[in-house]
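Participant: return atomic coordinates for the entry below.
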Amino acid sequence: MAERRLIKRIEVALENLLFSSRWLLAPFYFGLALSLVVLLIKFLIELLHLASGAFTSTESDVILGLLALVDLTLTGSLLIIVIFSGYENFVSKMDHSEHGDRPEWMGTIDFAALKLKMLSSIVAISAVQLLRQFMSLGTVTPEREKELMWMVIIHVVFVVSSLLLALSDRIAGGEHGQAAAAPASTSNSETTNAGSH
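Facilitator: Now for the predicted structure:
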């Protein structure tokens, strides 16, 4: 009896230790939050560069500069999604329900939705990068053509990957829904049969 109690205590202690190990992820998310500062500095440098050449730049240069700003903004948005959703899914819930500026999606994104949002953001960032390359295209050399071809292939791979992931999640969600509906329909039929008797 005493030996069983000791084993139970060790088991509970180990489980508590494993459960607490999730806090080791917190510095990772804090590091990602700090990386937003680096992204902001790069954004301000690009904005300053764009503003300084506003009167001398061509239309194409301005569009390229704006696409660079959009690219950085999308990357920052992706970081916010990863930080908030990842922290809430793997570390601890953020209790900011009373805050007026709390994003509506906070607390509603599970791991599957987080993967989809990440892939969607990556596809958007890849599309902006591809558009930037096409906009800056001057003379087409064989090397440049090869580089653009690989960029298009990589972008298509991202798009196909996100579609396949969304499809697999939908199929898995449908199977879970059917499995949950089956016991409910069984219990309903049993109730109906019991009522008829």
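
Participant: how about the helices in the chain?
Facilitator: 2-20, 26-52, 59-90, 111-135, 142-196 (DSSP state H).

Participant: from the chain's centroid, how far away is the second one?
Facilitator: When you say that, I think you mean helix 26-52. Relative to the mean C-alpha coordinate of its chain, helix 26-52 is positioned 18 Å out (CA atoms, centre = their mean, to the nearest Å).

Participant: got the angle for that helix vs helix 59-90?
Facilitator: Here helix 26-52 runs at an angle of 170 degrees relative to helix 59-90 (axes from the mean of the first three to the mean of the last three CA atoms, to 10 degrees).

Participant: list the buried residues in helix 26-52.
Facilitator: Across helix 26-52, burial judged by 16 or more other CB atoms under 10 Å covers 29, 43, 46, 50. Placement of C-beta: from N, CA and C, glycine included.

Participant: report pLDDT for the residue nearest in space to the middle of the chain.
Facilitator: Residue closest to the average C-alpha location in the chain (CA atoms, centre = their mean): residue 118, at 2.7 Å. Residue 118 carries a pLDDT value of 77.

Participant: same deal with residue 59?
Facilitator: For residue 59, the model assigns a pLDDT of 78.

Participant: ditto for residue 103
Facilitator: 64.

Participant: ok, residue 72 next?
Facilitator: 90.

Participant: please tell me how far the nearest residue to it once chain neighbours are set aside sits from residue 21.
Facilitator: Among residues not flanking residue 72 along the chain, residue 43 sits closest, at 4.7 Å (CB to CB, 6 or more residues apart in numbering). Distance, residue 43 to residue 21, by CB to CB, to the nearest Å: 35 Å.
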